[in-house]
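> quick one, structure for this:
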Amino acid sequence: MIIKAQIDEDIKRAMLAGQKTLVTTLRGLKSVILYAEVAQGVRDEGLDESSVIEILSKEQKKRQESADMYTQGGRPDRSDAELVEKRIIEKYLPTQLTENEVEKLVSEVITEIGTVKMSDMGKIITTVKGRSKGTADGATISKIVKEKLSS
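Residues are numbered from 1 along each chain as shown. Next up, the predicted model:
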């Protein structure tokens, strides 16, 4: 089942079960996806799965950043609420690659490209992101590419 349809089903189930936090989070996700569909002019067709995964990844990162800021601000209650939402979002994302797996993928791309320099960093990151199909964190990819190119 595609992610958007799964979210719709889960909203219905959560409403019947009275799970307010889950309903609110899922409605927010549905809204963000719909907004992106309208912005791209594909409301009737819908977004492809990779675009939905990308949107959900961004939403997950937002929750983590907010949780970190609340923690720094001395608001552990708000931080916990953000982390709950983050865990809900994670259920709709593919399993993330480990750092070793990302490193292997980066090495493969660098080998295919051949002689590389720092100016090729963007090309390498873009290629790795494309091959990982949303299963690799952009910050991790960037960090590993920098390490490989600077060595």
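> centroid residue for this structure?
S57 (1.4 Å; C-alpha atoms, centre = their mean).
> how far away is that residue from Y92?
10 Å (C-beta to C-beta, to the nearest Å). All C-beta atoms are positioned from the backbone trio N, CA, C, and that covers glycine.
> swap in E49?
When E49 is compared with Y92 (using C-beta to C-beta), they lie 11 Å apart.
> and for the two, which residues touch both?
I3 (C-beta atoms under 8 Å, 6 or more residues apart in numbering).
> the more surrounded of those two?
Neighbour tally, E49 and Y92, criterion other C-beta atoms under 10 Å: the higher count belongs to Y92, 19 against 14.
> contacting residues around the more buried one?
I3, Q6, I7, L29, L56.
> who wins for most neighbours among the residues you listed?
L29 (24 neighbours).
> now Q96. Its backbone dihedrals?
Torsion angles at Q96 (phi, psi; degrees, to the nearest 10) stand at phi -80, psi 140.
> how many neighbouring residues does it have?
16.
> number the chain from 172, please
Taking 172 as the first residue, the last one we looked at is Q267.
> can you tell me the closest non-neighbouring residue to it?
Nearest residue to Q267 in three dimensions, chain neighbours excluded: T306, at 5.7 Å (C-beta to C-beta, 6 or more residues apart in numbering).
> ok, now T266?
Nearest to T266 is T306, by C-beta to C-beta, 6+ apart, at 6.6 Å.
> what does L205 give?
In space, L205 is closest to R214, 7.3 Å off (C-beta to C-beta, 6+ apart).
> from what I can see the residue nearest to Q267 touches V273, true?
No - taking contacts as C-beta atoms under 8 Å, T306 lies outside contact range of V273: 9.1 Å.
> higher neighbour count, the two?
V273 (21 against 17).
> how far away is the more buried one from Q190?
V273 is 34 Å from Q190, by C-beta to C-beta.
> check K319 too.
From K319 to Q190 the distance is 44 Å (C-beta to C-beta).
> also I174?
Applying C-beta to C-beta to I174 and Q190 gives a distance of 19 Å.
> could you look up the SS state of the nearest residue to V277 once chain neighbours are set aside?
Closest residue to V277 apart from its sequence neighbours, by C-beta to C-beta, 6+ apart: I315 at 4.9 Å. On the three-state scheme (DSSP: H, G, I helix; E, B strand; the rest coil), I315 is labelled helix.
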